[in-house]
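[1] any chance you could fold what I've pasted below:
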Amino acid sequence: MSARDAQKLAYDKDLDLVKIAPQAKPPVCRIMDYGKYCFEQQKREKEARKNQKIVAIKEIRMFSAIDTHDFETKINQAKKFLTGGDKLKVSVRFRKRAIAHPQIGEELLEKFKEACAAVGTVEKPAKMEGRSMVMFISPKASK
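    As a prediction, this is how the structure comes out:
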C-alpha cells in the first residue's frame, strides 16, 4: 500500500501511522494510537524497574584482637545480611604492631568463612589492602 493511502486510512480511523521497521524495503508501518503505545511502554519499564533487586555491599569490620562473643555477634550480623541477599565485605584492621602478624587476620577470616559457609560463598579470597585484610562473600544462590 502506498504511504499516502496508509496515511489517509489512519486519519480516517483517527489513529497514527507509525514506522515499525523503517530500514526495511519497503518500510513496515502500523496504524495505532501512538500516545497509548508510549504510555504502555513506560508502564512496562516502570514495572521492570520495580521488580529488579539492587544488591548492596554491606561491610563488617573487625580488629585482629577480637573477643569470641564479639566475633559471634559479627557472624550473626553477616548471616542476616547474606540471607537478605546483600554482598558482604569483611575486613580485619590491624592496629600498630599487629600489622607484623598478618597470619592472625588470615586465621580470623578463615574462621569467618567457615562460619558463614551455610549462607554464603567466598567471592574474593582474603587479601591485604594497606593496614587491613579484606575478603568478599556473596550470598548463595536461592533455588
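[2] show me the residue sitting in the middle of the protein in space.
    The centroid of the chain falls nearest to Val55 when counting by C-alpha atoms, centre = their mean (3.5 Å).
[3] surely it is in a helix?
    No - Val55 is assigned coil when assessed by DSSP: H, G, I helix; E, B strand; the rest coil, not a helix.
[4] so it sits right up against Gly85, yeah?
    Yes - here Val55 lies in contact with Gly85, judged by C-beta atoms under 8 Å, at a distance of 6.6 Å. The C-beta positions use only the backbone N, C-alpha and C, and glycine is treated the same way.
[5] ok, back up a step: quick one: contacts for the closest residue to the residue nearest to the centre of the chain other than its chain neighbours?
    Spatial nearest neighbour of Val55, excluding adjacent residues (C-beta to C-beta, 6 or more residues apart in numbering): Lys87 at 5.8 Å. If a contact means C-beta atoms under 8 Å, 6 or more residues apart in numbering, then Lys87 has 55-58, 123, 136-139 as its contacts.
[6] got it, and Lys53?
    For Lys53, the contact set (C-beta under 8 Å, 6+ apart) comprises Gly85.
[7] per-residue pLDDT, it?
    Looking at Lys53, its pLDDT is 75.
[8] same check, this time on Phe71
    For Phe71, pLDDT reads 87.
[9] right, and it touches Met62 too?
    Yes - applying C-beta under 8 Å as the test, Phe71 and Met62 come out as touching, 7.2 Å apart.
[10] got any residues that touch both of those two?
    Leu108.
[11] which residue of the two possesses the greater neighbour count?
    Met62 (19 against 15; other C-beta atoms under 10 Å).
[12] gap between the more buried one and Val18?
    Computed with C-beta to C-beta, to the nearest Å, the distance linking Met62 and Val18 is 60 Å.
[13] how about the contacts made by the nearest residue to Pro22 once chain neighbours are set aside?
    Setting aside the residues directly before and after it, Pro22 is nearest to Val28 in space (C-beta to C-beta, 6+ apart), at 8.0 Å. Residues near Val28 by C-beta under 8 Å, 6+ apart: 19-22.
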